[in-house]
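Enquirer: sequence first, then the predicted structure, then my questions.
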Amino acid sequence: MAAPLLLAPALVALLIFVVMPLLWVARTSFNQGVDGAYMVSAMTMDNYVRFLGSSWYLINTLWFSIRIAIVATVISVLLGYPVALFIAQTRGLQKSILMTMVLAPLLIGLVTLVYGWIVIFRGGGLLNSLMIAIGVYDEPVRYMWDLKGVVILLVYIGMPYIVLSLLDSIERINPSFVEAARNVGANRWRAFWSITFPLTLPGLYAGLVIVFTLNFSAFAVPLMVGANDTQMIGLVIYREALLNNDLPFASSLSVIMILANATILTGMAFLFGKLILNRLEAKR
Amino acid sequence: MNASQDKAIQVASICRRYGDVMAVDDVSFDVGHGEFVSLLGPSGCGKTTTLRMIAGFIMASDGTIRVNGRDVTHLPPEKREVGFVFQNYALWPHMTVAENVAFGLKLRKRDKAFISRKIEESLGVTGLSGYEDRLPRQLSGGQQQRVALARALALEPQLLLMDEPLSNLDRALRVAMRRELKQLQSRLKMTTLYVTHDQEEALSMSDRVVIMNRGKIARVARPSEVYDDPQSEFVADFVGTTNFFDGTVTAASGGVLTVRTRGNLDLQLTVPTSADVGEPVRVLLRPERIRIYPPGQDGPNVFPGRISFVEYYGPTIRYTVQLDGGESVYVETHNASGAATIGDAVRIGIEPGDFRLIRSEGGRP
Amino acid sequence: MMRLDLGALALRLVTYLAMGFLFFPILITIMVSVNPQEFILPPSGFTLEWFRQAWTSDTFVRAMGVSLWLGVAATLIANALAFMVVLAMVRYDFRGKALINLLIMSPLLIPTTIFSLALYVFFARLGFGSGIPALVIGHSIHVLPFAVRILTASMQNFDLSLEEAARNVGAGPVRTMFSITLPVIRTGLISSLVLCFVLSWNDFPISVFLAPAGWTPLPVELFSYIKFQYDAVGAALASSLILISIVVMVVIDRLAGLRRVLR
């Protein structure tokens, strides 16, 4: 029972069903799509030109996805940070209950969760009734199938990851760090901003990487609650692959998405490196 | 008849290599039937590796291991039929005490009645009757230790290997268990190979002690021989406390050697070891062999000095005495003999027969 | 002093708001599912009629069967692979461990959209875009990193001398595995099995890419259902899934600690 024998099945499976498919996507992105047929093997940049050469795609899909992802990620952080701080202070049963509530969206399936939101947001739904009752609107407004719905759901799904990552960071902070800061004369706020906050940045960074990628590549959320004006890139990939059967175009979009995501994450890594990570990971 | 069948364990030139490191390097020793032998040494000396090679948890890179004459060198552990008691007990947490003891018997397909009699017997011997249905986590450390022992004894092994079995117990319990273990071993006449880093344990329990250092055997001898005649610097230093004097033989006549030390003491020795005049030697002396003489008493090795440090142990007191020549020695006396304090002038005296001598090899001082 | 209390109060307030945000839709779904009058809130009574309809609907029952088979198959495949991987990673030292670990965790690092599309394109290349094998493979690989993570935690805490003790009293390697190793790590093993099953059972993105016509897992079926009609039967099904998931969460939390598992 040597190590290679034990590893072989999983590694072979991952090479065949993860690495090879990804390489095949890269290759397919240069193929020629044919209407109503599978595709023609080729080496053409047409698919890339079709996307990158179109200002409509660039603005309404790529830039739009980035904007939505940034907005949803920032809201997740603004909401998740205080929650993580609060949960870190709790103990026992209260902590268990809070953790269960935070983690529930991660385990309960997406479709199941969306159901409740549909009830709330649909025309004539709960929110509408409330708004009409308190006199904000006179008649039902179509909330669903638009941008707000997408952002709200992305925050809903992303926030738990932010809380989890931050909690790890916060709980790892030695309490005497803050005590030492108070001891040399920092008040609570100052101690938080000078000691606690910088030390939570690694956790925040880990959470941001996960959540931004999740948001940027999302297709299920815009598919379920989006409208025609929410052409997020993940949704376009889904539509081109499954509805239009244009695998080369869907593949090239995937490559573009991965590269764009990698670029943004690299920028983020650089920023966080400058801010704190380089210091915390400095070698002697 | 092969001579090796007279021995319970016969270890011949075994080695264990990890990359470039020899964890065990050409180790050979025997254990006779019914004998209690300890493997003693500092951590990392290879004693546990040696024991685990005998049990088959680690395969020897080289050499042969025989158990009751049978070559087991290449057998998997389950075919070796040796009892083993682990340092951390290794009680299976999902089985009760009785199930832990019974597991090996079930593997041997013994019938129910036999198994329950064996459980009763081995738990009785280890003083655990009534604990059959407890889970390991419900027992104290000492009780877990007994279960580990009972589990090994239930299989009636011809040989018991123990890997620092008492090291996780606190001191009072450790000393009590040490006595109990030794009495049980004597009563059952159980051949035992016992790994420990605790010299007190090794000396008090063993028929013979195998002292290891850096993967090699440093000494194999009875406990009293090990202590009274260490024969090497390492053994002298590792077992007990020793005063070392470096010097040169200046005279040898009539069985008496005179050694001039670096601190210009002239020591008169009557030792079995012979040495030539002019040869550099190292002289060993146990602290409790040194007397503090009252004024007026005289003898062959009497040196004046001053007490520079006092350590009070209870039954004994250890003084550090700065001799007038510049050397300093440990002196250990019984508490009853009255206390001296730092700065007191004293005279120490040593019987010539109490010294031990190591001839320096290869020019080492 | 005043300011200090305000900070703590604000923290508590935001947390409660966030918890409300997280739990409100779940609560609404459950309320709708037991309300005799469809979608009129607050509920005017209590009924299990919607649940009865949901659990006797041919479509849903069939989809549940599909999800069940899919979940069990993916769970068993992933855990068998994961157990071997973990044995190798925890017990042996070899070069390239970090790289192998990266490869094993890669299904978590690659966006699900890309992973699903890649498998779809790959299987299309092999001649079938979606199908039962593609779906089972997709789910197995998707849950594999979670199984590896939980089992690694169990195996790292496993005391090797427990196995040595079994070998010492005469058990062979296979017997030792089944009588000692697996029972001792059973909480981790059960957590891993349960979590993998739930992740597969609730998965939508991979299934929607890879599920073949006529073999639709429950989430995809529920999605097509609510796309065309919102009614309390859908709510009842959603509520059932929520309740099952919460029970499973509590079980995993008790056994392995939910946080360690999901991170």
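Expert: In hand now; what should we look at?
Enquirer: run through chain B and note the low-pLDDT ranges.
Expert: Within chain B, the segments meeting pLDDT under 70 span B:1-5, B:337-338, B:360-365.
Enquirer: give me the number of residues near the residue of it at minimum distance from chain C?
Expert: Among the residues of chain B, B:Gly104 lies nearest to chain C; the distance is 3.0 Å by CB to the nearest CB. Where C-beta positions appear, they are placed from N, C-alpha and C, glycine not excepted. By the criterion of other CB atoms under 10 Å in any protein chain shown, B:Gly104 has 24 neighbours.
Enquirer: I figured it hits B:Leu155, correct?
Expert: Yes: between B:Gly104 and B:Leu155 there is a contact under CB atoms under 8 Å: 4.9 Å.
Enquirer: next one: phi and psi at B:Cys15?
Expert: Dihedral angles phi and psi of B:Cys15 (degrees, to the nearest 10) take the values phi -130, psi 150.
Enquirer: contact partners for it?
Expert: Under the criterion of CB atoms under 8 Å, 6 or more residues apart in numbering or on different chains, the neighbours of B:Cys15 are B:22, B:24-27, B:60-63.
Enquirer: out of those residues, which sit inside strands?
Expert: Of those, the ones assigned to strands by DSSP state E are B:22, B:24-27, B:62-63.
Enquirer: okay, those residues in JSON lines with distance to B:Val302 next?
Expert: Formatted as JSON lines, the ones in strands among the contacts of B:Cys15 follow (distance: CB to CB, whole Å):
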{"residue": "B:Met22", "distance to B:Val302": "47"}
{"residue": "B:Val24", "distance to B:Val302": "47"}
{"residue": "B:Asp25", "distance to B:Val302": "45"}
{"residue": "B:Asp26", "distance to B:Val302": "46"}
{"residue": "B:Val27", "distance to B:Val302": "44"}
{"residue": "B:Asp62", "distance to B:Val302": "53"}
{"residue": "B:Gly63", "distance to B:Val302": "51"}
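Enquirer: buried subset of those?
Expert: Among the ones in strands among the contacts of B:Cys15, the ones that count as buried by 16 or more other CB atoms under 10 Å in any protein chain shown are B:22, B:24-25, B:27, B:63.
Enquirer: by mean pLDDT, flag the weakest helix or strand of the chain.
Expert: Going with chain A. For chain A, using mean pLDDT, DSSP states H and E, the weakest element among its helices and strands is helix A:126-133, scoring a mean of 67.
Enquirer: residues of whichever helix or strand comes after it that come out buried?
Expert: As assigned by DSSP states H and E, the chain's next helix or strand after helix A:126-133 is helix A:147-172. Neighbour counts over helix A:147-172 (16+ other CB under 10 Å) mark A:147, A:149-170 as buried.
Enquirer: cool, and stretch B:313-325?
Expert: Neighbour-count burial for stretch B:313-325 flags B:317-321, B:323 (criterion: 16+ other CB under 10 Å).
Enquirer: quick one: contacts for the nearest residue to A:Phe177 once chain neighbours are set aside?
Expert: Nearest non-adjacent residue to A:Phe177, counting by CB to CB, 6 or more residues apart in numbering or on different chains: A:Ile195, 5.3 Å away. Counting by CB under 8 Å, 6+ apart, A:Ile195 makes contact with A:173, A:177-178, A:181, A:186.
Enquirer: change it to 6 Å
Expert: A:177-178, A:181 (CB atoms under 6 Å, 6 or more residues apart in numbering or on different chains).
Enquirer: repeat that for C:Phe83.
Expert: Contacts of C:Phe83 (CB under 6 Å, 6+ apart): C:Leu151.
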